[in-house]
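**Student:** Task: produce atomic coordinates for the following.
(4 chains)
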2 protein chains.
Amino acid sequence: MTEEEKDLRTRLVTAGVELLARDGVQALGLREIARQAGVSHGAPRRYFPTHRELLAAIARHGFGKLTDTLAAADTLAATDGLPPRDRLTGLARAHLRFAAANPGMFELMFRHDLLEGSGADLRSTSLPLFRTFARLVGEACPERDTGTTAVALLANLHGLAQLRAWGSLRLLTGDDDVEPLLTAIVDAHLGAPAQR
Amino acid sequence: MTEEEKDLRTRLVTAGVELLARDGVQALGLREIARQAGVSHGAPRRYFPTHRELLAAIARHGFGKLTDTLAAADTLAATDGLPPRDRLTGLARAHLRFAAANPGMFELMFRHDLLEGSGADLRSTSLPLFRTFARLVGEACPERDTGTTAVALLANLHGLAQLRAWGSLRLLTGDDDVEPLLTAIVDAHLGAPAQR
DNA sequence: CGCGGCGAGTAGACACTGTCTACGCCACCC
DNA sequence: GGGTGGCGTAGACAGTGTCTACTCGCCGCG
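**Tutor:** Numbering: from 1, shown residues only, chains lettered A, B, ... in the order given. Okay, the predicted model is just below:
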């Protein structure tokens, strides 16, 4: 099945994903996506009543890819029998790697102003992933409040990814190597690795 | 001196600030700001050659207000003789409060896509503030690497503010009270408050 | 077989945007 | 008093998202 034979709905999304990877968020005009998909500017309207819904569908694709990536990385780590703390570190690293590899998609995914309306729906996509995240936090660090530490750790990762994404990290530290920061953050929230 | 007598440059910025506080980032069209300031749509061009430069000026105003707010809060805490750890907590709380009180401005300030070009200039505005931040971290927690801890803590604050700003916090925790998260974060990065 | 309906995509209109350019107007200075 | 230059106006232009009228090909039904 070639690219042109799929239904327009998915063709528009993949066209948007390519456009996003190549030229960034500001290139995701409705007409531009339609051009990239080879249809007229009115065509998307049949499947996505508004521009934002199309963007939301593209972002949903990104969320799916992120959760897939993280799930794959984690099941790999789980079958290797790694302790929950190392699995968490791996998840965090994969998260940051995804943000670095897909900067446009990462930006779109957290631009709530572009996605509003479908926002709650979108966020709930990443909710099961958060649950396993929180579960691992509970296992790795049972003496702390699980929910609070999980949210705090997640916030730290997001903040770090964002700081790097728009160059502040390089401004503050000289380069944008996140590895030392990553271990520092995990140590901070989960406690220093005493049992080693 | 009434509003209409100031030079157009500052009038445009204050008009943008009001518009931003009232209707959010997407309301900051060039023509809309000009209307709010009571001039024609071509007038801003004499002072801001492009739309983005006007937005950057508005964001710069926001950065100035943020650093002023934080500096005021911290000098207050400093004259009260609070230990560096409590000053840091106060700074963090003030930061989060600012983000909650000025959501539109906070969003604009970290929308690098709208500010690019003047981005480095803008970021450097908040650099001295970061230095005092890092200094306090060094005093409060001398046994850790100061730069790394400071950046990690800052990233955590930003991430938390952003999580709350677009509603994920409420989705994860049920409400969006940041106070328990704030203390948890400070404890995590600075160590549990042993000397108490 | 013929034909009506219908889904899918096209094309144009509309209001609006940011940018560019030509033009008026008023104050100031020699 | 007559230039002159800064400041703001107004219109043109390409491009945008949305809405609406239209066409075309395919399907099922009489």
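
**Student:** How far does the lengthiest helix in chain A sit from its chain's centre?
**Tutor:** Of all the segments of type helix in chain A, defined by DSSP state H, the longest one is helix A:51-79. Relative to its parent chain, helix A:51-79 has a centroid offset of 7 Å by C-alpha atoms, centre = their mean, to the nearest Å.

**Student:** and it, what other elements does it pack with?
**Tutor:** Counting contacts by 3 or more C-beta pairs under 8 Å, 6 or more residues apart in numbering or on different chains; DSSP states H and E, helix A:51-79 is packed against helix A:8-23, helix A:30-37, helix A:84-101, helix A:103-109, helix A:112-115, helix A:119-125, helix A:127-140. No exception for glycine: its C-beta is placed from N, CA and C like everyone else's.

**Student:** ranking those helices by burial, who's on top?
**Tutor:** helix A:103-109 (a mean of 22; mean count of other C-beta atoms under 10 Å in any protein chain shown).

**Student:** Run through the neighbouring helices and strands of it.
**Tutor:** Using 3+ C-beta pairs under 8 Å, 6+ apart, helix A:103-109 sits against helix A:8-23, helix A:51-79, helix A:146-165.

**Student:** how about a cut-off of 10 Å?
**Tutor:** Helices and strands touching helix A:103-109, by 3 or more C-beta pairs under 10 Å, 6 or more residues apart in numbering or on different chains; DSSP states H and E, are helix A:8-23, helix A:51-79, helix A:84-101, helix A:112-115, helix A:119-125, helix A:146-165, helix B:112-115.

**Student:** okay if I get the ones you listed as TSV plus distance to DNA strand C and mean pLDDT?
**Tutor:** Formatted as TSV, the helices and strands packed on helix A:103-109 follow (distance: least, C-beta to the nearest atom of the strand, whole Å; pLDDT from 0 to 100):
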stretch	distance to DNA strand C	mean pLDDT
helix A:8-23	4	98
helix A:51-79	13	96
helix A:84-101	28	97
helix A:112-115	15	74
helix A:119-125	22	72
helix A:146-165	23	96
helix B:112-115	10	74
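
**Student:** for those, which one sits closest to B:Leu182?
**Tutor:** Closest approach to B:Leu182 among the helices and strands packed on helix A:103-109 is made by helix A:146-165 (9.2 Å; C-beta to C-beta).

**Student:** Report the contact partners of A:Leu108.
**Tutor:** The neighbourhood of A:Leu108, defined by C-beta atoms under 10 Å, 6 or more residues apart in numbering or on different chains, consists of A:16-17, A:20, A:24-25, A:28, A:55-56, A:58-59, A:61-62, A:102, A:114-115.

**Student:** Try it again at 8 Å.
**Tutor:** A:20, A:25, A:28, A:55, A:58-59, A:62, A:114-115 (C-beta atoms under 8 Å, 6 or more residues apart in numbering or on different chains).

**Student:** Show the end-to-end separation of stretch A:74-86, please.
**Tutor:** This stretch, stretch A:74-86, spans 10 Å end to end (C-alpha to C-alpha, to the nearest Å).

**Student:** Could you tell me how many residues sit around the residue of chain A found nearest DNA strand C?
**Tutor:** Residue nearest to DNA strand C within chain A (C-beta to the nearest atom of the strand): A:Gly42, separated by 2.6 Å. Other residues near A:Gly42 come to 10 when the count uses other C-beta atoms under 10 Å in any protein chain shown.

**Student:** Chain neighbours aside, what residue packs nearest to it?
**Tutor:** Spatial nearest neighbour of A:Gly42, chain neighbours left out: A:Ala34 (8.0 Å); criterion: C-beta to C-beta, 6 or more residues apart in numbering or on different chains.

**Student:** Let me see the contact set for A:Val137.
**Tutor:** Contacts of A:Val137 (C-beta under 8 Å, 6+ apart): A:84, A:88, A:146, A:149-150, A:153, A:190.

**Student:** excluding its backbone neighbours, what's nearest it?
**Tutor:** The nearest residue in space to A:Val137 (C-beta to C-beta, 6+ apart) is A:Ala150, at 4.4 Å.

**Student:** Look up how far A:Cys141 lies from the one you found.
**Tutor:** 9 Å (C-beta to C-beta, to the nearest Å).

**Student:** Who has more neighbours out of the two?
**Tutor:** More crowded of A:Ala150 and A:Cys141, by other C-beta under 10 Å: A:Ala150, with 24 against 19.

**Student:** quick one, what contacts that one?
**Tutor:** A:130, A:133-134, A:137-138.

**Student:** same thing but 7 Å
**Tutor:** Contact analysis of A:Ala150 by C-beta atoms under 7 Å, 6 or more residues apart in numbering or on different chains lists A:133-134, A:137.

**Student:** for A:Asp80, same thing?
**Tutor:** No contacts exist for A:Asp80 under C-beta under 7 Å, 6+ apart.

**Student:** How much space separates it from DNA strand D?
**Tutor:** 45 Å (C-beta to the nearest atom of the strand, to the nearest Å).

**Student:** The contacts of A:Ala150 into JSON lines, with extra columns for distance to A:Trp166 and pLDDT?
**Tutor:** Below are the contacts of A:Ala150 laid out as JSON lines (distance: C-beta to C-beta, whole Å; pLDDT from 0 to 100):
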{"residue": "A:Phe133", "distance to A:Trp166": "24", "pLDDT": "94"}
{"residue": "A:Ala134", "distance to A:Trp166": "28", "pLDDT": "96"}
{"residue": "A:Val137", "distance to A:Trp166": "28", "pLDDT": "97"}
